[in-house]
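[1] No sequence on hand, only this structure:
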């Protein structure tokens, strides 16, 4: 599957996922405190040592966290980012987006624009198949919400492959409803898309625009993006981006049963319904087997969560007045969640604690040291001086790449790609440290995959010499979940460039993109 996704991708150009995004570097504390006040862990009944233990467990687990915010009694007791990720960065939410789609349905329900008992076909009179089956006629909004449509498989890829000019709703409604709606759980991102389409039908606005005055603005959720399809409808199932701080506000909003700053924005009845078990989905044998609500999962220790691929979470535990928010690129999200369930078990007793300045100071030091770095094998190579500024003309390739140039400047590598039909691309790398500044390319367009990185993003880039002849360049698309590596091997007047997408690394798979090969052309030096 991954091969079909990346086979024809322009691997060098996709690093230009930088057309939009946040260019502001936010500090910790003040910008969050206006909505979620800061506190020491001890003031809220959690020891700093327990959080230090959690960070240590994360470090030794092999899971890659990008951010972590923990709230207790409405106060942020921990806010941590693993460099090069920062507080101001938008985060790719994957299926955590579904919970926002559900929220839009909740507001529309409160406003009397629909009910969960409404038949789905009611909203799409112009998209119906010639024959409406009994099961299709019985399909209700609540079945979309609870992932109990009755399809035999997830509809999302079928929707994405809709014939040009055909509405995704037409495609969805033409699919066989094999089972009685409501009879069984089957995770179906196509259902979430249809919810977003229903919101647009009944409000005249995209789900994203509809949520702005009702949710985003009251909670001061800013700098968000939500991709639409060609019909201008939000994807519903995914493609929403916002900062971890804003995810934290969303979790707190649900913990407070739809109330914010003393005002009931979304009815408590909807919150209860959306976060209660609407359908069974397992035998409590995994974190995904405790039941499903309306686009929310139920947690093993109690409560519920918004949940996205590769470990994007807002975990709400009402019994402990606790919210835990994570963005990550986890190898195993089961392990990621178990780290939190173990932590939750350790902090169940919430008696007031005395301040522990020493432990709190040590926690802040731990947080400040979090980050991902190159392996720091070699600072330089004797080849660097002779290679610097030289242009390698590439063999014919499917990526439209004509040549590459490596410029070595003190502790930096400037990597330039020349293409036949696109502007030159320049990415600045720190030797064994990250460079993000200036790694925006507003003139470029992302050519990356619809299924993985289809967002513009700033790039954090670092490089290290694996040995005298092998330069490894690492890119983190820090407003998405993922990253990439280019392994550049120099042999005389030749260069070979191999690619390693982060997902392939996580899954111990080979990257199926074609290698690039080039030859030094002295007469083309800069």
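    Nice, thanks for sending it over. Given the structure is predicted, the values throughout are model-derived calculations rather than measurements.

[2] Every contact and neighbour count from this point should use C-alpha atoms.
    Noted.

[3] tell me how far the ends of stretch 216-233 are from each other?
    End-to-end distance for stretch 216-233: 18 Å, by Cα to Cα, to the nearest Å.

[4] in it, what counts as buried?
    Within stretch 216-233, the residues that count as buried by 16 or more other Cα atoms under 10 Å are 216, 219, 221, 224, 225, 226, 227, 228, 233.

[5] ok, now stretch 339-359?
    339, 340, 341, 343, 344, 356, 359.

[6] repeat for stretch 381-394
    Those would be 384, 387, 388, 389, 390, 391, 392, 393, 394, for stretch 381-394 by 16+ other Cα under 10 Å.

[7] Give me the mean pLDDT for the helix or strand that contains residue 484.
    If you go by DSSP states H and E, residue 484 is part of strand 483-491. Averaged across strand 483-491, the pLDDT comes to 93.

[8] Any idea how far the following helix or strand past it is from the middle of the chain?
    Helices and strands here follow DSSP H and E; after strand 483-491, the next one along the chain is strand 494-501. Distance of strand 494-501 from the chain centroid (Cα atoms, centre = their mean, to the nearest Å) equals 26 Å.

[9] Would you indicate which residues of strand 494-501 are buried?
    In strand 494-501, counting by 16+ other Cα under 10 Å, buried: 495, 496, 497, 498, 499, 500, 501.

[10] would a markdown table of the residues you listed with pLDDT and distance to residue 80 be doable?
    As requested, those are exported to a markdown table (pLDDT from 0 to 100; distance: Cα to Cα, whole Å):
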| residue | pLDDT | distance to residue 80 |
| --- | --- | --- |
| 495 | 97 | 39 |
| 496 | 97 | 38 |
| 497 | 94 | 35 |
| 498 | 93 | 33 |
| 499 | 89 | 30 |
| 500 | 89 | 27 |
| 501 | 88 | 25 |
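
[11] Do I have it right that residue 292 meets residue 280?
    Yes. Taking contacts as Cα atoms under 8 Å, residue 292 lies within contact range of residue 280: 6.6 Å.

[12] Buried residues of the strand holding residue 484, list them for me.
    Of all the residues in strand 483-491, those buried under the rule 16+ other Cα under 10 Å are 483, 484, 485, 486, 487, 488, 489, 490.

[13] go on, stretch 192-210?
    192-201, 205-210.

[14] List just the nearest of the residues you listed to residue 142.
    Of all the buried residues of stretch 192-210, residue 195 has the smallest distance to residue 142: 9.8 Å, by Cα to Cα.

[15] Which strands or helices does the helix or strand where the closest one lies pack on?
    Following DSSP H and E, one finds residue 195 within helix 189-203. Secondary-structure packing of helix 189-203 (3 or more Cα pairs under 8 Å, 6 or more residues apart in numbering; DSSP states H and E): helix 97-110, helix 141-145, helix 156-160, helix 168-174, helix 207-211.

[16] Model confidence for residue 376, exactly?
    Reading off the model, residue 376 has pLDDT 62.

[17] let me redo that: residue 1
    34.

[18] And the furthest pair within the buried residues of stretch 381-394?
    Longest span within the buried residues of stretch 381-394, Cα to Cα: 384 and 394, 19.3 Å.

[19] if we can go back for a sec, compare neighbour counts for residue 292 and residue 280 and give me the winner.
    residue 292 (28 against 17; other Cα atoms under 10 Å).

[20] The more buried one and residue 344: what is the separation?
    Relative to residue 344, and taking Cα to Cα, residue 292 is found at 21 Å.

[21] Just give the number of residues close to residue 300.
    Using other Cα under 10 Å: residue 300 sits among 18 other residues.

[22] Tell me how far residue 296 lies from residue 288.
    11 Å.

[23] which one of those two has more residues nearby?
    The residue with more neighbours, out of residue 296 and residue 288, is residue 296; 26 against 17, by other Cα under 10 Å.

[24] Could you verify my assumption that that one touches residue 277?
    No. Counting by Cα under 8 Å, residue 296 does not reach residue 277; the two are 9.0 Å apart.

[25] Run the angle between the helix holding residue 195 and helix 97-110 for me.
    30 degrees (axes from the mean of the first three to the mean of the last three Cα atoms, to 10 degrees).

[26] can you tell me the average pLDDT over helix 189-203?
    Rounded mean pLDDT across helix 189-203 is 98.

[27] Find me the pLDDT at the residue nearest to the spatial centre of the chain, would you?
    Residue closest to the average C-alpha location in the chain (Cα atoms, centre = their mean): residue 92, at 2.7 Å. The score at residue 92 is 93. That number is its pLDDT.

[28] what's the answer for residue 329, then?
    Looking at residue 329, the pLDDT reads 96.

[29] again, but for residue 451
    So, for residue 451, pLDDT stands at 39.

[30] go on, residue 448?
    pLDDT at residue 448 comes out at 32.

[31] Which residue ranges of the stretch 1-150 of the chain form strands?
    65-72, 75-81, 91-92 (DSSP state E, counting those that start in this stretch).

[32] what about the second one, average pLDDT?
    Model confidence over strand 75-81 averages 97 on the pLDDT scale.

[33] Use 36 as the first number from now on
    New numbering, starting at 36: the last item is strand 110-116.

[34] For it, buried residues please.
    Those would be 110, 111, 112, 113, 114, 115, 116, for strand 110-116 by 16+ other Cα under 10 Å.

[35] Tabulate these (JSON lines), appending distance to residue 191.
    Formatted as JSON lines, these follow (distance: Cα to Cα, whole Å):
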{"residue": "110", "distance to residue 191": "38"}
{"residue": "111", "distance to residue 191": "36"}
{"residue": "112", "distance to residue 191": "38"}
{"residue": "113", "distance to residue 191": "36"}
{"residue": "114", "distance to residue 191": "34"}
{"residue": "115", "distance to residue 191": "34"}
{"residue": "116", "distance to residue 191": "32"}
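
[36] would you say residue 451 is within a strand?
    Yes. Secondary structure of residue 451 (DSSP: H, G, I helix; E, B strand; the rest coil): part of a strand.

[37] quick one: whatever helix or strand residue 396 lives in to chain centroid distance?
    Assigned by DSSP H and E, residue 396 belongs to helix 392-403. Distance of helix 392-403 from its chain centroid, counting by Cα atoms, centre = their mean, is 28 Å.

[38] How far off centre is the helix or strand just after it?
    Where DSSP H and E defines the elements, the next helix or strand beyond helix 392-403 is helix 419-422. Mean-position distance between helix 419-422 and its chain equals 38 Å (Cα atoms, centre = their mean).

[39] Output the contacting helices and strands for helix 419-422.
    strand 436-444.

[40] picking that back up, of all the helices and strands packed on helix 224-238, which lies closest to residue 406?
    Of all these, helix 132-145 comes closest under Cα to Cα, at 26.1 Å.

[41] Who are the contact partners of the nearest residue in space to residue 389 that is not next to it in sequence?
    Once flanking residues are discounted, residue 389 sits nearest to residue 77: 6.4 Å by Cα to Cα, 6 or more residues apart in numbering. Residues counted as contacts of residue 77 (Cα atoms under 8 Å, 6 or more residues apart in numbering) are 83, 387, 388, 389, 390, 391.
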